[in-house]
Every structure is written in structure tokens, then in C-alpha cells.
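**Q** A structural model of the following input is requested.
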Amino acid sequence: MDTQSLQAFLSVAEYQSFSDAATQLHLTQPAISKRIATLEKQLDCRLFDRIGRRVHLTEAGRALLPEAQKILQDIREARRRISDLRGSVSGRLSMGISHHIGLHRLPPVLREFSQRYPDVQLDIDFMDSEQAHHRILHGEMDLAVITLSPSQEEHLSFLPVWEDKLTVAVAKDHPLASAGQVTTAMLSQHTALPPGLNTYTGQIIKQLFDDAGLKMTIGMSTNYLETIKVMVGIGLGWSILPDTLLDDSVVALELEGLQLSRTLGCVHHRNRSLSNAAEAFIHLLPRMSSSGRRQPAK
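**A** Modelled structure (predicted):
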């Protein structure tokens, strides 16, 4: 039973798709299928039921899932401990990064980190904050730099880095464009283009309307804030977006009596020992947080 087959098994189980797992692991679908077939032969049982375009874990697959996760995590821990015995900042550092942070906050940090620690192999996955949070919770990555969850599990360690102000945005020809200041009641009369309400940012906006006893008229929803800004700019509706996204293609409006924000930062599992590389990244991150410039040591 080799680690590559176990990793393929975990990816297929997560995505419920051989093709999606192949994409995530940068392999061909036949290669994924071969690894699963090898594992099923070794265990003398079927691990997945193939129904339509999706696959589902069998009872044997469900039994293997936590064991496979533990085996791979133990191997990563062993490699990390051996590497750290040398005292060097090297080896592999796996991170999940939200799309927005990857575009607007993290490039200077990653550039500085790579220059300081050229022996570290950065293994970065860009994904929704919620997905990265889930993978950290299950010990599948070293770190995640994401929008931090409003409910913070005791098993995770959170490092707030940026406070991201959120602002109402509309198109220049939107009926509210000249208002300057708006209320939730005013917004409820117009089409909304919020982030997915299953996202942490979407939950902040939903809570705003729930507290006011109002409903949003949702025109479309996507988790990609850059896409939402474009849709707002062409007049398809209003949204509440990070200030870092706003430009002259939209009009920013104040929300009467309220200041919305979300917290961006780093999260890791408390029970997962940190490598020298992870410790170095966590140390560097807040010092680089102001406009991407290096901060003096205190």
C-alpha cells in the first residue's frame, strides 16, 4: 500500500470524481484509476461505487478514509521532524490560500519568503476560504491564509493579520449611486450580487439583513469577488465588497450606522507540529502585512 495510491484515494473521496481528483493532483484520469485499482486489489475489496458521473465510498472505503488520512499525516510528520533535526528552513510547506488574498495581499509576502528561504518548496493551492479551513481542520495542510471563520474551533490556531473593510458598491448609473449613504432597507429594494451565502463573507452580509428582518433579492451569486465587482460595474446589481477591490468602475456608498469588515489571516491545526518553514512563514506574515512592505523587527 503506497502513499501515492492513498493520496489518490483521498482525493477521489473528497471530490467524488476521478477527473476532478486527477486535476487536483496534476495527473491523468487513467493514472488515478490505476492507483485506485491497485489499492482495491491490495485490499481485496471495492472502495468506490461508480454511479453516473459521481463516485461514492463503499462501506470499506468509509472505513479506510480516516486510516488513510492518519497514515499520510504520520508520514508527513516523520519527514518534517527529520528535516527539522538539521535546523534548516527547508522542505515542503503546504498552504491553502484564498483567491482574493492570493491576488491582493500575499504576493509580496511570498516573494520575500522565497528570497529568504530558497530551500523551501512552496506547495500552494488556491481555493475558497471555507475549503481551506476544512482541510486544515482535517490535518491535510500545514497552513492556510484565508478569511478567518467567524466561529473559531478550539483545535485550530488563528493569527489575524488584516482587517478587511467591506463597502457597498454600485454602478455609476445605479439608482442609489448618488445617495452617498444607504440603509439595508434601501438596499433590499434593489437586486443584490452577494458572495455565496455559504462563504464567510456571504454570511456577514446575510447576518446584516437577518438582523434587520429584511430579505435580499439575489440576482446571481459567485464566490469570486473579482467577478462580482465586474458584474456590479456593468449595472447588474449592488454588492458589499472589500475596499481593496474598489476602483473607478464602481461607486462606493456608506452603510448608515454600520461599518462592516472581515478578518483575514493565518490558521493551522494546534495538534499538528509546525515545521521550521511553517514557523518562519508565520513569523514573517504579520511583519509584511502593511502594504506588502517589510516591517522592522521589534
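**Q** biggest strand in this protein by residues?
**A** Longest strand of the chain, by residue count under DSSP state E: strand 156-170.
**Q** Return the distance of that strand from the chain's centre.
**A** In this view, strand 156-170 has its centroid 13 Å away from the chain centroid, taken as Cα atoms, centre = their mean, to the nearest Å.
**Q** what pairs with it, and is each one parallel or antiparallel?
**A** Using DSSP bridges, strand 156-170 pairs in its sheet with strand 239-242 (antiparallel), strand 251-255 (antiparallel), strand 260-269 (antiparallel).
**Q** Just after it, pick out the following helix or strand.
**A** Heading C-terminal from strand 156-170, the first helix or strand you meet, by DSSP states H and E, is strand 181-182.
**Q** what lines up beside that next one in the sheet?
**A** Using DSSP bridges, the strands paired with strand 181-182 are strand 251-255 (parallel).
**Q** Just the residues contacting the strand it pairs with, thanks.
**A** Defining contact as Cβ atoms under 8 Å, 6 or more residues apart in numbering, one finds that strand 251-255 is touched by 167-172, 174, 176-177, 179-184, 240, 243, 246. In short, each C-beta sits where N, CA and C put it, glycine included.
**Q** what are the C-alpha coordinates of the longest strand of the chain, in CSV please?
**A** What follows is strand 156-170, C-alpha atoms only, in CSV (Å, rounded to 0.1, in the frame of the first residue of the first chain):
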residue,chain,number,x,y,z
LEU,A,156,-7.3,25.5,15.4
SER,A,157,-4.9,28.3,16.0
PHE,A,158,-5.8,31.7,14.3
LEU,A,159,-3.5,34.6,13.6
PRO,A,160,-5.4,37.7,12.5
VAL,A,161,-3.3,39.7,10.0
TRP,A,162,-5.5,42.1,8.1
GLU,A,163,-8.8,43.7,8.9
ASP,A,164,-10.6,44.0,5.6
LYS,A,165,-13.1,46.8,5.4
LEU,A,166,-16.3,46.0,3.4
THR,A,167,-18.1,48.6,1.5
VAL,A,168,-21.4,48.8,-0.5
ALA,A,169,-20.6,49.2,-4.2
VAL,A,170,-22.9,50.1,-7.1
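**Q** what is the mean pLDDT for that strand?
**A** Averaged across strand 156-170, pLDDT comes to 94.
**Q** likewise stretch 13-23?
**A** Mean predicted lDDT for stretch 13-23 stands at 90.
**Q** for it, how far is the first residue from the last?
**A** 14 Å (Cα to Cα, to the nearest Å).
**Q** contact partners of it?
**A** Residues contacting stretch 13-23 (Cβ under 8 Å, 6+ apart): 8, 11-12, 24, 28-29, 31-33, 36, 48, 53-57, 61, 65.
**Q** Filter these down to the ones in helices?
**A** Residues of the contacts of stretch 13-23 located in helices (DSSP state H): A8, S11, V12, Q24, Q29, A31, I32, S33, I36, G61, L65.
**Q** and the last one, how far is that from A22?
**A** Spatial separation of L65 from A22 under the definition Cβ to Cβ, to the nearest Å is 19 Å.
**Q** what about these two, which has more around it?
**A** Between L65 and A22, A22 has the larger neighbour count (other Cβ atoms under 10 Å), namely 20 against 16.
**Q** Can you give me the separation between the more buried one and E59?
**A** Distance from A22 to E59, by Cβ to Cβ: 25 Å.
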